[in-house]
Each structure stands twice: as C-alpha cells, then as structure tokens.
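*Asks:* Below are the sequence and a predicted model; questions follow.
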Amino acid sequence: MENIKKNNEDSLLEEIELSNVSRRKFLRFSSLFGVSVIAVGSIGGLTGCDKDDDDPMAINLGSGDTGVLNYAYALEQLEAAFYTQVITSQYSGITAAEVSYLTDIRDHEIAHREFFKTALGANAIPALQVDFSTVNFGSRASVLGTARAFEDLGVSAYNGAGKLLTDVNNLLIAGKIVSVEARHAALIRELITPNSFGASDVVDSNGLDVVRTPSEVLAIAGTYLKSALNASNLPTS
C-alpha cells in the first residue's frame, strides 16, 4: 500500500486555516486531522456515468481499502455539494444561527472531500454530477429534512464501512470523520425537533447506531446523483 506523506496533510490544513471557520463555533475541524498518514491501495481504470453496477459506463470505486475510501469520498462529494447549494440559495426565514451552523457543516464536508481527494491522489474517482431536483432550497423543511437524511445516511455508511478497512490508519481516520458526521446529524435533528438527536430511528435499544452496507447506502444516495457508481468490487467483510 502507498502512504500519503505528512506534507500533503499539512498543505490541506493550511487551506482549511484560510477558510476562516471560527474555532469557537459549535462544530470544529480539530477532531478530523489527528493522523499523519492515510494508506491507500490501487484501483483500475475509471469510466463514465450511469446508475448500475452492471453498466460499463459506471464509475468503478475500486477494491480493497482504496475502494472503501473512494466510497467515502463519493458521499463527501455529495454532502459538500448539497451544503454549498444550501448556503448559496438560503431558504426563506433562515436565522443567523442557522446560517452559521450550516456554513460550518459545509466547510467540514468540503474539508472531508478534499482530504480524501488528496489522500487518494491518482486513485481518486472523478468529480460526481449531482441531482438535487427533489430538494426545494427555498423551504426550511425541505432543506433540513434532506440534511437530516444525508447526515444519518453518512453516519450509517461509515459505521458499515469500518469493518471493511484493513489498514489501521484508514480505520482511524474513518473513526474521526464519523464522529464529526454524528455531530452534524445531532445538530440538524435538534434544529428540526428538539431532543431528537438520539431518537429510536437512529439509535437502537442497546444504544447502538444504525449500520448500512455500501449497497444500501448507494441505493439511497443514488437519488441525488446523476453519476452512477459501480461498487461491485468493494469488500463485503
């Protein structure tokens, strides 16, 4: 496996520092970047777009840890694009606090996206085309409802992908990112319905979070993607 050198991470951290995200706001970058390397393998050629694993034009995520990291990278691309649109086209009646929170989340998702892009290097899948035609960006209910769905989906995706990673460095960074995604999910849920951050639809009677497999996650995420992803080579255990 190839190790991504520390100077790549330092460069990314410098970019994040320039983003002017307040360190005193509710959500922070600090829990994300706690390791100096992230290990990735190699994947084959990448091709165009459709929606089916059997379609030869679908983007192949790859195999092994690289495939799992590309899977995470695809989800972070989707979330970053969504929150960028949220801030660009703010819904009616949005409060200053909501703008602040949602801007923080946008910046976190962009940081996650850029981290994976840098770490994967030449093995990274291309930029994905998104489809948010089902989202009414002028409506608070539509935006926050979609945000809740994305955040809950993201947490369940990382929960399900952790066991598929073989390199401890990759598992460590995934654990750091899912903790940030869980903060996002909790905040969005509180904005919609107070005291719903640990509701029974996301936390079971044993106090454990929802887990989804890549195929389950991509079936849901595909609603918001024009690009198709081929996940057939991802590990399953």
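*Replies:* In hand now; what should we look at?
*Asks:* and the residue nearest in space to the middle of the chain, what element?
*Replies:* In the chain, the centroid-proximal residue (C-alpha atoms, centre = their mean) is E76; its distance is 2.9 Å. Using DSSP states H and E, the element containing E76 is helix 64-88.
*Asks:* average model confidence for the helix or strand that that helix is followed by?
*Replies:* With elements assigned by DSSP H and E, the helix or strand that comes after helix 64-88 is helix 96-120. The pLDDT scores in helix 96-120 average 98.
*Asks:* G64 contacts T166, doesn't it?
*Replies:* Yes. Counting by C-beta atoms under 8 Å, T166 is a contact partner of G64 at 7.1 Å. Quick note: C-beta positions are derived from backbone N, CA and C, even for glycine.
*Asks:* Comparing those two, which shows the higher neighbour count?
*Replies:* G64 (20 against 14; other C-beta atoms under 10 Å).
*Asks:* What distance do you get for the more buried one to R212?
*Replies:* 20 Å (C-beta to C-beta, to the nearest Å).
*Asks:* same thing with T146?
*Replies:* From T146 over to R212 the distance is 17 Å, taken as C-beta to C-beta.
*Asks:* what's the answer for I173, then?
*Replies:* 20 Å.
*Asks:* Neighbour count for these two, which is higher?
*Replies:* Neighbours per residue (other C-beta under 10 Å) separate I173 from R212, with I173 holding more: 25 against 20.
*Asks:* can you list the weak-confidence ranges in the protein?
*Replies:* 1-54 (pLDDT under 70).
*Asks:* which residues touch the residue sitting furthest away from the middle of it?
*Replies:* Within the chain, G93 marks the point farthest from the mean C-alpha position, 27.0 Å out by C-alpha atoms, centre = their mean. Residues near G93 by C-beta atoms under 8 Å, 6 or more residues apart in numbering: R140.
*Asks:* A74 too?
*Replies:* 61, 125, 128, 221, 229.
*Asks:* what's the spacing between the residue lying closest to the fourth one once chain neighbours are set aside and A199?
*Replies:* In other words, A221. Spatial nearest neighbour of A221, excluding adjacent residues (C-beta to C-beta, 6 or more residues apart in numbering): L78 at 6.0 Å. According to C-beta to C-beta, L78 and A199 sit 23 Å apart.
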